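Student: Okay, sequence plus prediction incoming.
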Amino acid sequence: MPTSPRILVIGAVNLDLVVEVNRLPFEGETLIGKRMTQAPGGKGANQAVAVAKLGGSASFCGRIGNDAWGKLVKDGLSQANVNTRALITDVERATGSAVILVEPTGKNQIIAVGGANLGVTATDVEEALKNLPHLDAMMLTLETPLETVQHAIALANERGLLVILDAAPPANYPLAALRGTTVLSPNETEAQALTSIKIETAHDARRAAELLRIGTQAKHVVMKLGERGALIHDDAGHRWIEPMHVHAIDTTACGDAFTAAMTMRLCAGDSIDDAVRYGSAAGAVTASKAGAQASLPSAAEVAALIAQQH
């Protein structure tokens, strides 16, 4: 295994419009925002950048529109040392976008518009894999069509790759449609969408994790629970991984950092428990900074937080 894990990420790349607010709005309410900024985002793109910043070799497969936003987000990936050879320009759809409302506590609400991300095809994935003969893992989200995700999982299994599925955004898919993954990793909202169980207690989380594992036959289910930590469910049963404690500024991209860091350590041969601990630290560092890709941590930052917390 090389010292730098080689990971293909398939998912969405967006331009994020981030609006800072004093608090998140109620239904039907109009609020005055404090400030708006724009920056590259999208869960798939965030995860690819996270892999690169943590020292991995990241390639990204997705689509952008033939527009100014597309150029901006592609430049962001390239500047982060992500291989964009499999990033296709879609002449029929605009670049994906997301409006993110962030309050001072770091909590957020996100509205995403798929755009070109919805045009990612199984053929796109096949072409990406042809040009990447040496890979250790494939990371996926549910931001692209389900048929594309399923085909990608099948191809990854043929190659013997680790398959990490971040089950975002929330989707009510049949669990059997997501079979073939090494790790299925939803947050509580995504777990509820897949199982119809509202995650309010530890018991709820365990029940949902069990259903997810039975239905998808994933080797491990890793549920990201924010300030409550993470829950692992596999053949060894349930384990809770305690969260790292930081002053949260913006939780955008925390889950992306978590998943990327966990995948990096799994590629390096760590146990799932140690990989999740590392992912938790990466997510915590991300929460302590504002923005999406700009807040993603380096390996040195993650190591420093782990040393500090210990």
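Tutor: All right, it came through fine.
Student: now the helices for the stretch 201-310 of the chain?
Tutor: Along the stretch 201-310 of the chain, counting by DSSP state H, counting those that start in this stretch, helices occupy 202-216, 254-267, 272-287, 299-309.
Student: Which parts of the third one count as buried, going by neighbours?
Tutor: Looking back up the chat, that one is helix 272-287. Of the residues in helix 272-287, 272-273, 275-287 count as buried by neighbour count, 16 or more other CB atoms under 10 Å. C-beta: built from backbone N, CA, C; applies to glycine.
Student: still on that earlier bit, just name the most buried of the helices of the stretch 201-310 of the chain.
Tutor: A comparison of the helices of the stretch 201-310 of the chain by mean neighbour count, using mean count of other CB atoms under 10 Å, puts helix 254-267 on top with a mean of 28.
Student: Then residue 15 would be within a strand, right?
Tutor: Yes. Under DSSP: H, G, I helix; E, B strand; the rest coil, residue 15 falls within a strand.
Student: check contacts around it.
Tutor: The contact partners of residue 15, by CB atoms under 8 Å, 6 or more residues apart in numbering, come to 38, 39, 40, 41, 69, 72, 73, 95, 96, 97, 98.
Student: Give the residue spans of the stretch 1-150 of the chain that score low on pLDDT.
Tutor: 1-3 (pLDDT under 70).
Student: just to revisit the earlier point, with mean pLDDT and distance to residue 128 as added columns, please give the helices of the stretch 201-310 of the chain in CSV.
Tutor: What follows is those, written out as CSV (pLDDT from 0 to 100; distance: least, CB to CB, whole Å):
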stretch, mean pLDDT, distance to residue 128
helix 202-216, 98, 23
helix 254-267, 97, 17
helix 272-287, 96, 24
helix 299-309, 94, 25
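Student: how about those helices in JSON lines, adding distance to residue 32?
Tutor: Shown next, in JSON lines, are those (distance: least, CB to CB, whole Å):
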{"stretch": "helix 202-216", "distance to residue 32": "37"}
{"stretch": "helix 254-267", "distance to residue 32": "26"}
{"stretch": "helix 272-287", "distance to residue 32": "25"}
{"stretch": "helix 299-309", "distance to residue 32": "34"}
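Student: Any idea which of the ones you listed gets closest to residue 23?
Tutor: Closest approach to residue 23 among the helices of the stretch 201-310 of the chain is made by helix 272-287 (18.0 Å; CB to CB).
Student: Does anything pack onto the closest one? Which helices or strands?
Tutor: Contact analysis of helix 272-287 by 3 or more CB pairs under 8 Å, 6 or more residues apart in numbering; DSSP states H and E lists strand 220-224, strand 230-234, strand 237-241, helix 254-267, helix 299-309 as its packing neighbours.
Student: Could you rerun that using 7 Å?
Tutor: strand 230-234, strand 237-241, helix 254-267, helix 299-309 (3 or more CB pairs under 7 Å, 6 or more residues apart in numbering; DSSP states H and E).
Student: State the distance from the spatially most central residue of the chain to residue 236.
Tutor: The centre of the chain sits closest to residue 256, judged by CA atoms, centre = their mean, with a distance of 3.4 Å. The gap separating residue 256 from residue 236 is 26 Å, by CB to CB, to the nearest Å.
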